[in-house]
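*Asks:* Below: sequence and its predicted model.
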Amino acid sequence: MGFNYELFSFAVYPNYNNAIKFLAENLASNEEWDYSDAREKKHPILKNYLEFTFRKLKQEGKVVYTSDNKYACFNTGLVTDNLEDIFAFFEQYRKPRPGSTIPYCFKAFLKESDNNILRHFSDNIPDVANFFEKPELLIFNPKCKLIPDIDHIIQDNISRFPAHLRSADNGELRRQIIGAIDEIKKRARTNYKIAVPQYYDGKIQLLLPLCLTAGSPNPDLALVVHKLNGDTYTARTCLTLKMAYNNARLIVKPQSNWLKP
């Protein structure tokens, strides 16, 4: 089953890749939207960010329409170098293909001072998505226990492990994971910022770096940690660093020395 892009069910995009390129390289404040191993710039992180931001805004009822529904708009959560909010602006689809149910056509990414935004939405400026209903979940509490499900982490995620570890004996892999988790628990007690918040499946979780390759200072995976109760975290899965960055970027640009695109 293919991935269902809700943005593409909402609107037709005549020149989507060009619009994304303009947003990334000319309009929004500078940020890395491509993975470090990319051969050419296609901005996959930005595309993922916009899709899931749009889903969250729909959920919160923050996609805004003019009274006649002729225009629609949402706040991307991105800003210009001068800290102006950037919006996605849509017009009612005038010439739909036969059988099409797509209601809008994408016109442009626009900053707040643009005449189209002021003319149609000045009395109802779209708000940003809210990921911060429980701010305490964004910070790792080192006083809490962290109880990982090692068997589940290995069995369900082995394809995400580095190639040189996938063929390792389960017992050896278990020992490496336990050692890496013990190490990161100690590091997180002295620096809570090591834990990077991510948004996934409607929940805030935390990401911790797992260093499994002997002699390498760089993490191989991100351990996904979530709160069970007031004094206990658990971890049942891990992500590749690319997956982790995509999820973390939905909330805010990660300010981390280990989680990079």
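*Replies:* Yes, it's here.
*Asks:* For Phe74, see how far away Cys169 is.
*Replies:* Actually, residue 169 is Asp rather than Cys. Look at Asp169 and Phe74: by CB to CB, to the nearest Å, they are 50 Å apart. Using the backbone N, CA and C atoms, a C-beta is placed for each residue, glycine as well.
*Asks:* So for those two, which sits in the more crowded spot?
*Replies:* Just comparing Asp169 and Phe74: by other CB atoms under 10 Å the higher neighbour count belongs to Phe74, 23 against 8.
*Asks:* need the contact list for Ala248.
*Replies:* Under the criterion of CB atoms under 8 Å, 6 or more residues apart in numbering, the neighbours of Ala248 are 196-199, 207, 254, 259.
*Asks:* ah, wrong one, I meant Gln92
*Replies:* By CB under 8 Å, 6+ apart, the neighbours of Gln92 are 69-71, 103-105.
*Asks:* can you redo the residues you listed as a markdown table with pLDDT, secondary structure and distance to Glu25?
*Replies:* Shown next, in a markdown table, are the contacts of Gln92 (pLDDT from 0 to 100; DSSP: H, G, I helix; E, B strand; the rest coil; distance: CB to CB, whole Å):
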| residue | pLDDT | secondary structure | distance to Glu25 |
| --- | --- | --- | --- |
| Asn69 | 95 | coil | 32 |
| Lys70 | 97 | coil | 30 |
| Tyr71 | 98 | strand | 26 |
| Pro103 | 92 | coil | 29 |
| Tyr104 | 96 | strand | 25 |
| Cys105 | 96 | strand | 23 |
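*Asks:* can you give me the strands in the chain?
*Replies:* Secondary structure of the chain (DSSP state E): strands at 11-12, 64-65, 71-79, 85-92, 104-111, 145-148, 196-200, 203-210, 221-229, 232-239.
*Asks:* tell me the angle the third one makes with strand 85-92.
*Replies:* Yep, that's strand 71-79 we're talking about. 160 degrees (axes from the mean of the first three to the mean of the last three CA atoms, to 10 degrees).
*Asks:* Run me through the strand neighbours of strand 71-79, direction for each.
*Replies:* Paired strands of strand 71-79, with direction, are strand 64-65 (antiparallel), strand 85-92 (antiparallel) (DSSP bridges).
*Asks:* Give me the angle between the last one and strand 104-111.
*Replies:* Orientation of strand 85-92 against strand 104-111 (the same axes, to 10 degrees) gives an angle of 160 degrees.
*Asks:* Give the burial count for the nearest residue to Glu31 once chain neighbours are set aside, as a bare number.
*Replies:* Among residues not flanking Glu31 along the chain, Lys253 sits closest, at 6.0 Å (CB to CB, 6 or more residues apart in numbering). For Lys253, the count of nearby residues is 13 (other CB under 10 Å).
*Asks:* Need the phi and psi values for Lys253.
*Replies:* Main-chain torsions, Lys253, degrees, to the nearest 10: phi -60, psi 120.
*Asks:* Could you shift the numbering so residue one becomes 11, and keep it that way?
*Replies:* Done: numbering now begins at 11, and the last item shifts to Lys263.
*Asks:* Contact partners for Thr223?
*Replies:* Counting by CB under 8 Å, 6+ apart, Thr223 has contacts 172, 174-175, 230.
*Asks:* and with 6 Å instead?
*Replies:* Asp230 (CB atoms under 6 Å, 6 or more residues apart in numbering).
*Asks:* what about Pro219, neighbour count?
*Replies:* Neighbour tally, Pro219, other CB under 10 Å: 24.
*Asks:* what does Phe99 give?
*Replies:* 19.
*Asks:* Where do the domain boundaries of this protein fall?
*Replies:* 16-131, 145-259 (automatic domain parsing).
*Asks:* least reliable of the ones you listed going by mean pLDDT?
*Replies:* Sorting these by mean pLDDT places domain 145-259 lowest, at a mean of 91.
*Asks:* what's the first-to-last distance across that one?
*Replies:* Counting by CA to CA, to the nearest Å, you get 16 Å between the two ends of domain 145-259.
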